[in-house]
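> next comes the sequence, and after it the predicted model I'd like to discuss.
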Amino acid sequence: MKTVKILVVEDEAIVSLLMKERLENLGHSVCGICASGEAALKAIESAPPDLVLMDIKLQGKLDGIETANQIHKLDIPVIYMTAHAEEITIERAKESEPYGYLLKPVALKELQIAVEMAVYKHEMDKEKARLTKKLQDALDKVKQLSGLIPICAYCKKIRDDKGYWDDVASYISRHSEALFSHGMCPDCAEKVMKEVEEFEKKNPEDSSQDSE
């Protein structure tokens, strides 16, 4: 597994130092230790981590859940660490959509699994968001080709949303991923042949010179 930059937010110095040692033993990098939510937000602003280990009970005005709610908006995964497993606390914690929930004292193996799962899930969430955006972009293109499209009754050009007239092939190419190959339908081929025959009848001298 790749090295993960982790911010530890814990107001007990002994616990935070222990977590730092364990994380480094697992091959990760602890980019900072904060004792309050306010300090954590400032640290993230200056150097965003890959993951945050967050204690729920903190110094300062913000507790861990309130801090995690703000971190969630920055698209940084959070794992809670707490000695409190009350239902009301867990229900509050769910609102920030954490990527894990560890009860103290945290065992090394549980910590390792929680970090790996959080990083993996976050990567999958980003990939899902990327694919969703790609799908939405494709649907937006399809929508541009649906509904009422103004087209000239004579030359068959299409008017775009900016008021410019363009030929059908160019319009569709700009608003979709369709590719065009050019040919001639039977009706047009018959029409062209008739025009050629009529021209040759009217201009026998020109047609005889062409044959020479």
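That came in fine, so what should we check first? Residues are numbered from 1 along each chain as shown.
> measure Ile65 to Glu21 for me?
Per C-beta to C-beta, to the nearest Å, Ile65 is found 26 Å from Glu21. Just so you know, the C-beta spots here come from the backbone N, C-alpha and C atoms, and that holds for glycine as well.
> settle it for me: which of the two has more neighbours?
Ile65 (22 against 11; other C-beta atoms under 10 Å).
> distance of that one from Glu95?
Going from Ile65 to Glu95 by C-beta to C-beta gives 7 Å.
> am I right that Gly32 sits in a strand?
Yes. Under DSSP: H, G, I helix; E, B strand; the rest coil, Gly32 sits within a strand.
> would you map the strands across the chain?
5-9, 29-34, 51-55, 78-82, 100-103, 158-159, 165-166 (DSSP state E).
> so what strands line up beside the second one?
It stands for strand 29-34. strand 5-9 (parallel) (DSSP bridges).
> the last one too?
Each strand pairing with strand 165-166, determined using DSSP bridges, is listed with its direction: strand 158-159 (antiparallel).
> what mean pLDDT would you report for the partner strand?
For strand 158-159, mean pLDDT rounds to 83.
> one more: stretch 117-136?
90.
> dump that stretch to PDB, keeping only the CA atoms.
Extracted in PDB, the C-alpha atoms of stretch 117-136 (Å, rounded to 0.1, in the frame of the first residue of the first chain):
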ATOM      1  CA  MET A 117     -10.300   0.500   3.800                       C
ATOM      2  CA  ALA A 118     -10.800   4.300   4.100                       C
ATOM      3  CA  VAL A 119      -8.200   5.100   1.400                       C
ATOM      4  CA  TYR A 120      -9.600   2.500  -0.900                       C
ATOM      5  CA  LYS A 121     -13.200   3.600  -0.400                       C
ATOM      6  CA  HIS A 122     -12.300   7.200  -0.900                       C
ATOM      7  CA  GLU A 123     -10.500   6.400  -4.200                       C
ATOM      8  CA  MET A 124     -13.600   4.400  -5.300                       C
ATOM      9  CA  ASP A 125     -15.900   7.300  -4.400                       C
ATOM     10  CA  LYS A 126     -13.700   9.700  -6.500                       C
ATOM     11  CA  GLU A 127     -13.800   7.300  -9.400                       C
ATOM     12  CA  LYS A 128     -17.600   6.900  -9.100                       C
ATOM     13  CA  ALA A 129     -17.900  10.700  -9.100                       C
ATOM     14  CA  ARG A 130     -15.700  11.000 -12.200                       C
ATOM     15  CA  LEU A 131     -17.800   8.400 -14.100                       C
ATOM     16  CA  THR A 132     -21.000  10.100 -12.900                       C
ATOM     17  CA  LYS A 133     -19.800  13.400 -14.300                       C
ATOM     18  CA  LYS A 134     -18.800  11.700 -17.600                       C
ATOM     19  CA  LEU A 135     -22.200  10.200 -17.900                       C
ATOM     20  CA  GLN A 136     -23.900  13.500 -17.100                       C
END
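> done for today, thanks.
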